[in-house]
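> Quick one, structure for this:
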Amino acid sequence: MLDNIRQVADRISDSLGIRGVRQKKAKRVSSKLKPLTLHSAEDILSRHTRDLLGKKPFDRNVYIMVTTPLKVDFSPTWVRKALRAGANLFRVNCSHDAVADWSEIIKTIRQMSSELEIPCRIFMDLAGPKIRTASPEPKKLSTGDFISLVAEIHNKKKDVLCSLPEALKFVMVGERVVFDDGKISAVVVGKDVNKVDLEIIRTPGPKVKLKREKGINFPDSLISVSEVTEQDLRDLEFAAVHADIIGLSFVQSPEAIRKIRREISARTTRTLGIVLKIETQAGFRELPKLLFEAMREYPAGVMIARGDLGVEVGFERMGEVQDEILWLCESAHVPVIWATQVLENQAKTGIPSRAEVTDAASSVRAECVMLNKGPFIDETIRSLDDILKRMEAHSHKKRSVYRKLKVAKLL
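This is a model prediction of the structure:
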């Protein structure tokens, strides 16, 4: 244990550019440490950010990541527009499409990046142990209904198939189960082998359909399943060769970080960045331990994956939790990606809501902001680019710049 602590301390010292405590001829001797100032800390974070995300954007500090559409909607024109609008990274979601599709998507991105002379990096997002509904037929539900979450369907009217049945054994009576990004809430009223009985306690309307492939969250339960799945390892065979950054979904333990690094090393000699996606209460609680493990090797970063995380911690706590993540990561000099539903209405409809514009303005506190796909994505990238440039004149991380305001001219 002491050796591990010393290794982490040495790694942190190296990341800070500090000589620190070194071992010489089996005898540890100390040297004078340079004090860490605000400016030197900012320099360290900037260096770690460039190592992970690539060359700094030309006229702003915050990077923009864009999720690629499905292969059927993807084209060289889409990439060209995104790059010219200001995209710096592209995210390929391993939950969709297949290796042949990813190969063509990444090849096209690399070609367009080279032709336009606009650098970009590829982020491949491993699916992780995402728990979803797997019933072939949708269920119509109302508040007060009773259903069962099952490993195998026996009653077609009541049973909802769970894509990760081994998770059911960790769920206890009285705990909550949430479906479809928080739209439907239930409470556990009973359980049996491979079955959990639920009462629906909230729906967004009098009758709502619970369809296949909708997310399932257990915010009160301590689910202990493998964080790196067999499918992740199969996907990593491709990602280790073609990606620049690997996203580790639903990470909750330092061992998952160690495992993914071992698996990457077994597949390539390239230096890949890893990003810890904080999506569960357990991941948030364990963040200090996760950061210490991530800091053993760079490049490394953290994503505030606000979709599942918001469901897990409760929407009313989301603002508080993302602030704490920003504080912790800044203190560790680890770059942060601000993700989920950023300017989502604009990407889908072309018109942003007032609330999401304010959210996008707050995202300037992170090192990178992720946009999802949509038919109006190039306009959305330009909007985010403009918002970030404006806000960088007012804020740096979680500190105000106190620049001179134009209104001062009126006084």
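
> Touching, M370 and R91? I think so.
Yes: counting by Cβ atoms under 8 Å, a contact exists between M370 and R91, whose distance comes to 6.5 Å. (Each C-beta comes from the backbone N, C-alpha and C, glycine too.)

> overlap in contacts of those two?
Common neighbours of M370 and R91 (criterion: Cβ atoms under 8 Å, 6 or more residues apart in numbering): M65, V66, T67.

> so which of those residues comes closest to D386?
For D386, the closest of the shared contacts of M370 and R91 turns out to be V66, at 15.6 Å, with distances computed as Cβ to Cβ.

> and the residue lying closest to H394 once chain neighbours are set aside, what are its phi and psi?
Using Cβ to Cβ, 6 or more residues apart in numbering and skipping the chain neighbours, the partner closest in space to H394 is V401 (5.7 Å). Backbone torsions of V401, given as degrees, to the nearest 10, read phi -80, psi -30.

> start the count at 834, not 1, going forward
Let's use 834 as the start, then, which means that last one is V1234.

> what about the strands in the stretch 934-1083 of the chain?
For the stretch 934-1083 of the chain, the strands defined by DSSP state E, counting those that start in this stretch cover 954-958, 972-974, 979-983, 992-994, 1009-1012, 1017-1025, 1028-1035, 1041-1043, 1049-1050, 1078-1081.

> Throw these into a markdown table and include mean neighbour count, thanks.
Compiled in a markdown table, these are given as follows (neighbours: other Cβ atoms under 10 Å):
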| stretch | mean neighbour count |
| --- | --- |
| strand 954-958 | 24 |
| strand 972-974 | 17 |
| strand 979-983 | 21 |
| strand 992-994 | 20 |
| strand 1009-1012 | 23 |
| strand 1017-1025 | 18 |
| strand 1028-1035 | 19 |
| strand 1041-1043 | 17 |
| strand 1049-1050 | 24 |
| strand 1078-1081 | 24 |
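
> Now distance to A931 and mean pLDDT too, for these, in TSV please.
Formatted as TSV, the strands of the stretch 934-1083 of the chain follow (distance: least, Cβ to Cβ, whole Å; pLDDT from 0 to 100):
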stretch	distance to A931	mean pLDDT
strand 954-958	13	98
strand 972-974	29	93
strand 979-983	29	95
strand 992-994	23	95
strand 1009-1012	27	95
strand 1017-1025	30	95
strand 1028-1035	32	95
strand 1041-1043	27	93
strand 1049-1050	24	94
strand 1078-1081	18	98
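
> so can I have a markdown table of these showing distance to A1127?
Formatted as a markdown table, the entries for those read as follows, by distance: least, Cβ to Cβ, whole Å:
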| stretch | distance to A1127 |
| --- | --- |
| strand 954-958 | 16 |
| strand 972-974 | 40 |
| strand 979-983 | 33 |
| strand 992-994 | 35 |
| strand 1009-1012 | 28 |
| strand 1017-1025 | 33 |
| strand 1028-1035 | 34 |
| strand 1041-1043 | 36 |
| strand 1049-1050 | 24 |
| strand 1078-1081 | 9 |
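
> Quick one: closest of those to K1092.
Across those, closest to K1092 is strand 1078-1081 (Cβ to Cβ), at 9.4 Å.

> Just give the nearest non-adjacent residue to P1121, would you?
Nearest residue to P1121, sequence neighbours excluded (Cβ to Cβ, 6+ apart): L1161, at 6.7 Å.

> same check, this time on N894
Nearest non-adjacent residue to N894, counting by Cβ to Cβ, 6+ apart: E1225, 5.8 Å away.

> on that earlier part again, tell me which entries of the shared contacts of M1203 and R924 lie within helices.
Secondary structure assignment (DSSP state H) places none of the shared contacts of M1203 and R924 within helices.
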